[in-house]
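Undergrad: Need coordinates for the below:
(one chain, ligands or ions: 1)
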Amino acid sequence: MKEYNCKKILLLLLASMLCLFTACGEKAENRQKLIMVTNATFPPYEFYQGSKIVGIDADMVREIARRNNLELIIEDMAFDSVIAAVQTGKADVAASGITVTEDRKKQIDFTTSYVKADQVIIVRDGSDINGAESLKGRRIGVQHGTTGDTYVTANIGEPDRFQDGALAVASLATGKIDAVVLDSAPAQEHVARNAGLHILPTSLASEEYAMAIRKNRPELLLMFNKTLMDMQLDGTMAAITAKYQGEKTKEHTATQSSGIGSWLAHSFEINFVKDGRWKYLLNGFLVTIEISFCAVLMGLAIGFLVAVIRSTHDQTGRHTVLNILCHLYLTVVRGTPVVVQLLIIYFVIFAAVDVSKVLVAIVAFGVNSGAYVAEIIRSGIMAVDHGQMEAGRSLGLSYGSTMRSVILPQAFKNVLPALGNEFIVLLKETSVCGYIALQDLTKGGDIIRSQTYDAFLPLIAVALIYLIVVVCLSQLLKKLEIHLKKNER
Ligand code: ARG
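TA: Presented below is the predicted three-dimensional model:
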């Protein structure tokens with residue numbers, strides 16, 4: 001049998017990981033930066049125009065940064081994470097059409113409010129819903145974590161919670177839900193873009209928007225309030241708001257009557273060609289591959305290590321403490337969902353440090369995958385005949401070298417299909433990266449969706465790309481398996 005040098009492989013893995021890590025951790029510390037977080041699915045306050053986040057909030061903070069000589073960085077994340085990002089110091093300010101509420105005031109400080117808004121009800125034309133009362137017992141869509149969500153939950157019943165307003169409206173348009181409760185301005189934008197919907201004249205609640213700033217940063221709060229006041233007095237605020245009024249209905253999807261062929265062509269053009277939107281998919285794809293690749297390497301390294309420790313303990317009784325630690329690691333990692341782990345690593349473990357998000361994701365998925373890989377490899381080790389170890393030892397090899405050059409290579413071959421499966425799972429699991437504002441493939445599709453208000457094609461395209469990658473990966477693994485089998489002879 002061909003001898004594999006496990007040490008070399010392991011070293012190679014570690015070295016390549018180290019290179020990738022240093023490449024990821026490039027973010028430089030700079031005092032002059034202002035980090036704003038938002039959820040850019042909320043026109044006219046924040047939305048994408050090409051690859052740039054624009055809108056009333058974005059432009060206002062841009063102006064505030066300019067007037068105070070700060071370099072603005074805007075990050076896009078799930079709405080239910082923006083306040084947490086400010087609270088944990090991941091960002092300086094959240095500007096995201098955020099309604100001032102007493103509960104939120106306990107977590108963060110609000111600037112002076114700069115706009116009034118209402119929660120309104122969107123229904124399909126011809127619907128029998130005509131006000132708050134008739135909402136009872138109906139299926140209502142909201143954006144998760146918004147005041148619309150809170151209102152419906154408290155006063156009407158459990159809503160259907162969507163990642164963004166556009167998805168809720170798309171569900172309404174296709175008849176999956178009966179109404180959507182949303183802020184008035186974005187509701188108008190959505191209705192203008194979707195035929196067959198309208199807004200009811202009575203609103204559910206009146207609110208005010210303000211920006212959120214971390215508690216105990218009075219100097220920053222003061223700066224924002226002062227600049228906001230200046231901008232109000234000198235008319236800048238009104239000018240910014242006016243700029244985004246009446247900008248609606250730019251991209252109506254082609255009417256159904258024009259036939260499926262031309263609808264598809266039009267939809268394709270809008271979703272992928274216009275404004276170079278395909279780049280979201282390409283860039284997202286590269287991020288997904290980068291994270292998956294590095295996480296697989298990290299997972300393999302951790303998995304090998306843990307598996308060897310655990311089986312050594314099983315067979316020789318050595319490394320008791322390490323074995324307990326490994327056991328703990330396996331229990332915790334396998335007992336909690338990866339998206340929760342990702343959020344904990346980002347918001348809790350790396351709360352105070354400014355590291356690249358790609359690195360955070362690699363660590364989260366690498367640590368997660370390591371636990372599964374460990375058990376896969378351990379089962380492979382256990383499946384190798386006991387006699388192999390005895391044979392190695394009686395040839396004068398130490399326990400370690402028998403493990404490395406006799407047991408592990410055979411174990412690895414045994415578990416290759418299971419490992420391949422784990423990598424496939426990992427690749428797809430990285431799709432939750434959007435939770436920490438990483439623009440991976442899934443998020444790329446989401447961004448297109450938020451720009452074109454089309455749920456169909458972007459989702460199909462994203463699914464197809466994952467599918468193609470997984471098929472290629474399976475093919476590659478199959479080849480490797482055949483290759484290893486040949487070496488056996
Ligand atoms: N005003 C609502 C709230 O504060 C909704 C805000 C949603 N904002 C967004 N960018 N998606 O809960």
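Undergrad: Please list the residues of the stretch 1-150 of the chain that sit near the ligand.
TA: Counting by C-beta under 6 Å from any ligand atom, the stretch 1-150 of the chain comes close to the ligand at 38-39, 41-42, 46, 79, 96-99, 143, 146-147. Yep, even glycine has a C-beta here, placed from its N, CA and C like the rest.
Undergrad: Mind checking which of the residues you listed are in helices?
TA: Judged by DSSP state H, these include 79, 147 as members of helices.
Undergrad: Take the residues of the stretch 1-150 of the chain next to the ligand and keep only those in strands.
TA: Taking DSSP state E, the ones among these that sit in strands are 38, 143.
Undergrad: Switch the residues of the stretch 1-150 of the chain next to the ligand over to JSON lines; also include distance to Cys326, pLDDT and neighbour count.
TA: JSON lines is the format used below for those (distance: C-beta to C-beta, whole Å; pLDDT from 0 to 100; neighbours: other C-beta atoms under 10 Å):
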{"residue": "Thr38", "distance to Cys326": "41", "pLDDT": "96", "neighbour count": "30"}
{"residue": "Asn39", "distance to Cys326": "39", "pLDDT": "95", "neighbour count": "27"}
{"residue": "Thr41", "distance to Cys326": "42", "pLDDT": "92", "neighbour count": "26"}
{"residue": "Phe42", "distance to Cys326": "45", "pLDDT": "95", "neighbour count": "26"}
{"residue": "Glu46", "distance to Cys326": "45", "pLDDT": "96", "neighbour count": "26"}
{"residue": "Phe79", "distance to Cys326": "38", "pLDDT": "94", "neighbour count": "24"}
{"residue": "Ser96", "distance to Cys326": "42", "pLDDT": "97", "neighbour count": "27"}
{"residue": "Gly97", "distance to Cys326": "47", "pLDDT": "97", "neighbour count": "26"}
{"residue": "Ile98", "distance to Cys326": "44", "pLDDT": "98", "neighbour count": "28"}
{"residue": "Thr99", "distance to Cys326": "47", "pLDDT": "97", "neighbour count": "21"}
{"residue": "Gln143", "distance to Cys326": "42", "pLDDT": "96", "neighbour count": "29"}
{"residue": "Thr146", "distance to Cys326": "42", "pLDDT": "96", "neighbour count": "26"}
{"residue": "Thr147", "distance to Cys326": "46", "pLDDT": "97", "neighbour count": "23"}
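Undergrad: Now flag whichever of the residues of the stretch 1-150 of the chain next to the ligand is closest to Glu71.
TA: Thr38 (16.7 Å; C-beta to C-beta).
Undergrad: bridging residues for the closest one?
TA: Applying DSSP bridges to Thr38 yields these beta-bridge partners: Asp76.
Undergrad: Which residues does the residue in the stretch 151-300 of the chain positioned nearest to the ligand form beta bridges with?
TA: Taking C-beta to the nearest ligand atom, the ligand has its nearest neighbour within the stretch 151-300 of the chain at Asp183, 4.8 Å off. Taking DSSP bridges as the rule, Asp183 bridges to Gln119.
Undergrad: gap between it and Leu282?
TA: Using C-beta to C-beta, to the nearest Å, Asp183 is found at 32 Å from Leu282.
Undergrad: Please identify which of the two sits among more neighbours.
TA: Using other C-beta atoms under 10 Å, the more surrounded residue of Asp183 and Leu282 is Asp183, with 24 against 13.
Undergrad: Identify the residues contacting that one.
TA: Residues in contact with Asp183 (C-beta atoms under 8 Å, 6 or more residues apart in numbering) are 42, 97, 99, 117-120, 146, 148, 165, 207.
Undergrad: for Phe79, same thing?
TA: Residues in contact with Phe79 (C-beta under 8 Å, 6+ apart) are 39, 41-42, 96, 143-146, 164.
Undergrad: again, but for Arg217
TA: 92, 109.
Undergrad: Quick check: Val296 touching Ile424?
TA: No. Val296 lies out of contact with Ile424 (C-beta atoms under 8 Å); the separation is 10.3 Å.
Undergrad: between those two, which one's more packed in?
TA: Under the criterion of other C-beta under 10 Å, the comparison of Val296 against Ile424 puts Val296 first, with 22 against 18.
Undergrad: what helix or strand is the more buried one on?
TA: Here Val296 sits within helix 278-316, counting by DSSP states H and E.
Undergrad: Which elements pack onto the next helix or strand after that helix?
TA: Counting by DSSP H and E, the element after helix 278-316 in chain order, helix or strand, is helix 320-335. Helix 320-335 sits against helix 278-316, helix 357-383, with contacts defined as 3 or more C-beta pairs under 8 Å, 6 or more residues apart in numbering; DSSP states H and E.
Undergrad: Could I get the ones you listed in TSV, plus columns for distance to Lys478 and mean pLDDT?
TA: What follows is the helices and strands packed on helix 320-335, written out as TSV (distance: least, C-beta to C-beta, whole Å; pLDDT from 0 to 100):
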stretch	distance to Lys478	mean pLDDT
helix 278-316	17	95
helix 357-383	18	96
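Undergrad: can you redo those helices as TSV with distance to Cys326?
TA: Listed next are these as TSV, based on distance: least, C-beta to C-beta, whole Å:
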stretch	distance to Cys326
helix 278-316	5
helix 357-383	7
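Undergrad: Deepest in the core, which of the ones you listed is it.
TA: Mean neighbour count (mean count of other C-beta atoms under 10 Å) peaks for helix 357-383 among those, with a mean of 23.
Undergrad: Would you map the strands across this structure?
TA: Along the chain, the segments classed as strands by DSSP E run 33-38, 47-49, 52-54, 71-76, 93-94, 109-110, 115-124, 140-143, 160-162, 179-183, 197-199, 205-209, 212-213.
Undergrad: Out of these, which one sits most buried?
TA: Neighbour counts (mean count of other C-beta under 10 Å) averaged over each of the strands of the chain peak at strand 93-94, with a mean of 29.
Undergrad: Give me the mean pLDDT for that strand.
TA: For strand 93-94, the mean per-residue pLDDT is 98.
Undergrad: Which strands or helices does that strand pack on?
TA: strand 33-38, helix 79-87, strand 212-213.
Undergrad: a markdown table for those, including distance to Ala463?
TA: A markdown table is the format used below for the helices and strands packed on strand 93-94 (distance: least, C-beta to C-beta, whole Å):
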| stretch | distance to Ala463 |
| --- | --- |
| strand 33-38 | 27 |
| helix 79-87 | 24 |
| strand 212-213 | 35 |
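Undergrad: can you tell which of the ones you listed is closest to Leu343?
TA: In terms of C-beta to C-beta, the element of the helices and strands packed on strand 93-94 nearest to Leu343 is helix 79-87, at 8.0 Å.
Undergrad: CA atoms of that closest one as CSV?
TA: C-alpha atoms of helix 79-87 as CSV (Å, rounded to 0.1, in the frame of the first residue of the first chain):
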residue,chain,number,x,y,z
PHE,A,79,-33.0,44.6,9.9
ASP,A,80,-33.2,42.7,13.1
SER,A,81,-29.4,42.9,13.4
VAL,A,82,-28.9,46.6,12.9
ILE,A,83,-29.6,47.6,16.4
ALA,A,84,-27.5,44.8,17.8
ALA,A,85,-24.6,45.9,15.6
VAL,A,86,-24.7,49.4,17.1
GLN,A,87,-25.2,48.0,20.6
